[in-house]
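Chemist: here is the input, now give the coordinates:
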Amino acid sequence: MAARIEHLVTSGTFSLDGGTWDVDNNVWLVGDDHEVVVIDAAHDAEAIAAAVGGRRVRAIVCTHAHNDHIDAAPELADRTGAPVLLHPDDLPLWKQTHPDRAPDAELADGQVLAVAGVEMTVLHTPGHAPGAVCLHVPALSALFSGDTLFAGGPGATGRSYSHFPTIVESIRERLLTLPADTVVHTGHGETTTIGAESPHLQEWIDRGF
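Modeler: Numbering: from 1, shown residues only. Below is the predicted model of the structure:
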């Protein structure tokens, strides 16, 4: 069975710097009928486990450690036995949500994860958060961008641990160099493509997005 991408939306809250906002998060599953990788275990471990069904979860990958992307990760790990993977630069954010439970292993730039016969390459893309990563899956013409790149622009950089020039550099150097037909599966909202976003780079810089 060929690898495929599955999607569900979970709802909860995002909290940082003393504020809390209602959010809907995209949760992505990459795999086949036998095994999957879960990208961003947000809000509802039960719903994610139901989407997984009886398949083996090879890993729970966190694109970054804002609470709305990791709040269900430990429970999902307990349910499935899968390791939680996070870039170490985001540990300070992780500890704000899960002070007593560390991730199981680190993500590193260039690391390759395999599932259902396809490879997912980890791209370290700091800016929205220090340890933010994207996952490039060439065989599926897919990029899982977390909150680094959305339809219409970069992720937010107005809160702690974020930096606008850094996210623009990450997008310019790591993402806009990918094939134009690469579909960008985002952490919130609609998908886009690299080709659709590339022409707007200078506009984002001029606006200070």
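Chemist: next one: the helix or strand hosting residue 6 to chain centre, how far?
Modeler: When elements are defined using DSSP states H and E, residue 6 is found to belong to strand 4-16. With CA atoms, centre = their mean, to the nearest Å as the basis, strand 4-16 stands 10 Å off its chain's centre.
Chemist: can you give me the buried ones in that strand?
Modeler: In terms of neighbour count (16 or more other CB atoms under 10 Å), strand 4-16 has its buried residues at 5, 10, 12, 14, 15, 16. Where C-beta positions appear, they are placed from N, C-alpha and C, glycine not excepted.
Chemist: if I pick the fifth one, what's in contact with it?
Modeler: Contact criterion CB atoms under 8 Å, 6 or more residues apart in numbering gives 21, 67 as the residues in contact with residue 15.
Chemist: just checking, what packs against the helix-or-strand element of the chain with minimal mean pLDDT?
Modeler: The helix or strand of the chain with the poorest confidence is helix 201-207; it has a mean of 79 (mean pLDDT, DSSP states H and E). With contacts taken as 3 or more CB pairs under 8 Å, 6 or more residues apart in numbering; DSSP states H and E, helix 201-207 sits against helix 164-170.
Chemist: who are the packing partners of the helix it packs on?
Modeler: Counting by 3+ CB pairs under 8 Å, 6+ apart, helix 164-170 packs on strand 153-154, helix 201-207.
Chemist: what lies in contact with the least confident helix or strand of the chain?
Modeler: For helix 201-207, the surrounding residues in contact (CB under 8 Å, 6+ apart) are 153, 154, 168, 171, 172, 176.
Chemist: could you dump these to TSV with pLDDT?
Modeler: TSV is the format used below for those (pLDDT from 0 to 100):
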residue	pLDDT
153	94
154	96
168	95
171	96
172	95
176	95
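Chemist: all good on my end, thank you.
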